[in-house]
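**Q** task: produce atomic coordinates for the following.
(one chain, ligands or ions: 1)
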Amino acid sequence: MKRLSPFPVAAVGLIAFAALITPFLPLPDPVRIDVANRLAGFSASHWLGQDEVGRDVLSRLLWGARASLMVAFFSSLAACIIGTALGVLGGFLRGFTEIITVRAMDVVLCFPPLLLALLVVTLLGPGASTLIPVLALVYLPGFVRVAYAGVLTVRAQDYVEAQHALGAAPARIMLRTVLPNIGGPVLVQFSLSMASAVVLESGLSFLGLGVVPPAPSWGLMIGAARSTMAQAPLLLLWPCLALTLTILAMNALCDALRDAVDPHGVPPRKRGLRLLPDLLPGLLPQRSGKEPVLAVRDVSIGIDTPAGRIQPVRGVSWEVYEGETLAIVGESGSGKSLTGLAVLGLLPGVAEPTSGAAYFGGRDVLRLPEPELRKLRGGSMAMIFQDPLSSLNPAHRIGDQITEIIRAHRPMSEKAAMAEAVKLLAKVGIPAPEQRVKVYPHEMSGGMRQRAMIAMAIANNPKLLIADEPTTALDVTIQAQVLELLDELKRESGMGLVFITHSLPVVAEIADRVIVMYAGEVVEQGRVGELFANPLHPYTAALLRSAPPEDGSLPEGIPGTVPLPHLLPKGCAFAPRCQHRAPACEADHPELETLDEGRQTRCMRWRDLEGRLAPRPVTEAQA
Ligand code: SF4
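**A** Just a heads-up that it's a prediction; the model follows:
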């Protein structure tokens with residue numbers, strides 16, 4: 001949290017302190033009438049003079065501050081707590097909850113605030129005890145709207161998705177992730193409500209519908225001073241000045257608070273980049289031959305659109321083994337990420353698996369209920385995303401985020417979990433981990449953040465780690481370090497690593513086997529060395545030729561784009577872009593053929609083309 005500016009704190013503190021200690025000050029009775037000295041000026045016993053019936057002005061001003069601030073604070077606080085809770089529930093749970101929380105507030109918003117307050121106070125009678133619930137009702141819709149809008153923004157962020165992926169329960173995500181991230185706007189709304197409530201209380205008191213005379217309030221003082229404005233103008237000045245200064249001080253304090261609690265407002269510290277270590281030799285581990293950690297079988301995914309259901313993933317099968325890295329590669333729109341999201345139960349609401357199964361630990365995870373999936377996510381299955389800055393919760397320190405994941409899956413004290421978090425940060429190569437657990441994500445460099453995300457993902461020793469383009473947002477130096485780290489961790493723990501990427505140089509560096517996807521289907525599968533040396537599908541060869549050449553010359557682009565799922569051609573989906581297409585390619589849809597040692601291709605002309613699909617060699621140095 002940034003240091004709070006001292007001036008607004010001091011100003012509001014002074015006003016609040018003066019109001020609090022008023023009963024203990026040696027002040028004249030604020031309601032004692034002294035008609036003989038009406039409108040008397042300054043004196044030693046009446047520092048600000050006496051009003052139209054001889055009451056002490058300073059005493060009434062301070063006692064009036066108590067009444068105004070108490071009504072404003074408690075009405076705003078009540079509106080803030082109830083409104084924020086309703087807005088968060090409506091925005092997070094949506095559906096019927098949204099109707100009865102957010103939409104119901106629209107009815108209240110239809111009434112002008114002053115008219116609503118006048119109506120209720122007229123019905124219930126004046127007094128501070130009536131004003132608090134009335135003003136709370138007036139300000140409630142504002143808090144609901146602010147919290148609701150904040151939740152809708154925050155829930156779409158990757159770090160909320162990442163929390164789901166790491167197995168956090170919805171209530172915990174709401175309280176620990178969503179709520180802190182809407183704190184800034186809610187605080188601003190609180191400042192506006194406080195300032196507005198002070199004015200509204202004064203206005204209602206001025207109209208005789210607020211604080212009941214002879215009890216002092218600023219509104220009553222302004223109302224009474226009207227009649228003697230010509231003889232004693234200062235009687236009007238003092239309460240107006242008190243009102244104005246109080247509102248200015250409260251606005252300044254809340255702006256300062258908003259800036260202080262919003263971690264995005266803190267300027268990031270400059271961090272030096274670590275030097276590129278030597279790349280590891282490309283010694284890729286061999287497939288173990290055991291049962292796969294995850295076996296995806298004939299999975300199709302459907303998405304409901306206004307134009308009907310589309311199938312962006314169709315009949316996809318693959319498996320990953322213990323200690324193996326499987327790369328899934330393809331252009332945007334090839335469907336490579338959707339299967340990984342389906343395995344973790346993280347498909348967006350409009351998408352669902354329509355057929356097939358994904359076996360993990362003997363269970364079909366596509367059919368598991370959400371509570372069972374939540375136990376697996378962040379535990380034995382984990383995922384890391386492309387952009388660590390948007391995947392980490394900006395409102396919590398790195399150490400707190402790691403301990404939360406650890407404690408969600410393992411009973412452990414906060415202290416022990418923090419010690420584990422320090423070890424994890426050290427394990428992923430973050431220097432000074434004891435200090436780094438205390439920093440916020442924006443205080444780390446991009447590479448450090450991705451290492452921290454990896455630390456969270458491996459916190460509970462997963463058997464399966466799905467990495468969705470984890471190096472795309474990083475520069476090449478950091479990318480190489482992160483790839484090396486993932487490879488080391490996989491070797492150490494023996495987990496199965498599914499690496500989703502569009503970059504074949506990255507595949508060359510990290511993978512044992514490759515699945516090439518195009519337009520929602522697997523078009524080629526094989527071990528890295530074989531597939532790179534002798535591609536059996538023109539799309540794979542085109543991808544290899546599109547990698548940036550080492551000599552600095554321009555890569556060959558692939559003409560055209562991936563067809564949309566509802567505009568797939570009848571025959572081979574790659575035919576419109578394929579320079580080897582024949583009439584038969586456009587007439588029939590090619591089947592996925594399995595060749596020796598698990599090699600697969602979905603090209604009906606692979607026998608004719610074998611050896612002719614000359615790829616440009618892709619090396620680790622291009623990664
Ligand atoms: S089936 Fe025909 S169009 Fe499709 S990739 Fe093979 S050669 Fe090209």
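**Q** which residues does the residue of the stretch 351-500 of the chain found nearest the ligand bridge with?
**A** Residue of the stretch 351-500 of the chain nearest the ligand, by Cβ to the nearest ligand atom: Ile500 (22.4 Å). The C-beta positions use only the backbone N, C-alpha and C, and glycine is treated the same way. Here Ile500 sits in beta bridges with Ile328, Asp468, going by DSSP bridges.
**Q** quick check, pLDDT for it.
**A** Ile500 carries a pLDDT value of 93.
**Q** hang on, Val498 is in a strand, isn't it?
**A** Yes - the assignment for Val498 (DSSP: H, G, I helix; E, B strand; the rest coil) places it in a strand.
**Q** for it, which non-adjacent residue is closest in space?
**A** Ile466 (4.6 Å; Cβ to Cβ, 6 or more residues apart in numbering).
**Q** repeat for Leu425
**A** When the adjacent residues along the chain are set aside, Leu425 lies closest to Pro433, with 3.6 Å between them (Cβ to Cβ, 6+ apart).
**Q** could you tell me how many residues sit around the one you found?
**A** Neighbouring residues of Pro433 were enumerated by other Cβ atoms under 10 Å; the total is 20.
**Q** now it: how far from Ala452?
**A** In this view, Pro433 and Ala452 are 10 Å apart by Cβ to Cβ, to the nearest Å.
**Q** so which helix or strand of this protein has the lowest pLDDT on average?
**A** helix 158-165 (a mean of 68; mean pLDDT, DSSP states H and E).
**Q** what's the burial count for the residue nearest to Val498?
**A** 29.
**Q** near the ligand, which residues of the chain? Just list them.
**A** Contact residues, the chain versus the ligand (Cβ under 6 Å from any ligand atom): 537-538, 572, 574-575, 578, 580-581, 585, 590, 603-605.
**Q** okay, these in a markdown table with neighbour count next?
**A** A markdown table is the format used below for the residues of the chain next to the ligand (neighbours: other Cβ atoms under 10 Å):
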| residue | neighbour count |
| --- | --- |
| His537 | 29 |
| Pro538 | 27 |
| Cys572 | 29 |
| Phe574 | 26 |
| Ala575 | 21 |
| Cys578 | 21 |
| His580 | 17 |
| Arg581 | 18 |
| Cys585 | 21 |
| Pro590 | 21 |
| Cys603 | 28 |
| Met604 | 19 |
| Arg605 | 20 |
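**Q** specify which member of those is nearest to Ala242.
**A** Comparing the residues of the chain next to the ligand against Ala242 with Cβ to Cβ picks out Phe574 as the nearest, at 76.2 Å.
**Q** in the protein, where is pLDDT below threshold?
**A** For the chain, the stretches with pLDDT under 70 are 1-5, 156-159, 161-167, 257-290, 473, 550-552, 614-623.
**Q** just the buried residues of stretch 44-61, please?
**A** Buried residues in stretch 44-61, counted by 16 or more other Cβ atoms under 10 Å: 46, 48-52, 54-61.
**Q** could you work out the end-to-end span of it for me?
**A** 17 Å (Cα to Cα, to the nearest Å).
**Q** contacts for it?
**A** Contacts with stretch 44-61, where a contact means Cβ atoms under 8 Å, 6 or more residues apart in numbering, come from 27-43, 216, 218, 221, 224-225, 227-228, 232, 234-235, 238-239, 242.
**Q** which among the residues you listed count as buried?
**A** Buried members of the contacts of stretch 44-61, counted by 16+ other Cβ under 10 Å: 27-28, 30, 34, 37-38, 40, 216, 218, 221, 224-225, 232, 235, 238-239, 242.
**Q** re earlier: what's the overlap in contacts for Pro433 and Ala452?
**A** Leu425.
**Q** so Val151 sits right up against Leu86, yeah?
**A** No - using Cβ atoms under 8 Å, Val151 makes no contact with Leu86, being 10.8 Å away.
**Q** so where do the strands sit in the stretch 351-500 of the chain?
**A** For the stretch 351-500 of the chain, the strands defined by DSSP state E, counting those that start in this stretch occupy 351-360, 363-364, 381-384, 464-468, 496-501.
**Q** same question for the chain.
**A** 294-305, 308-320, 325-329, 351-360, 363-364, 381-384, 464-468, 496-501, 513-518, 521-527, 593-594, 600-601 (DSSP state E).
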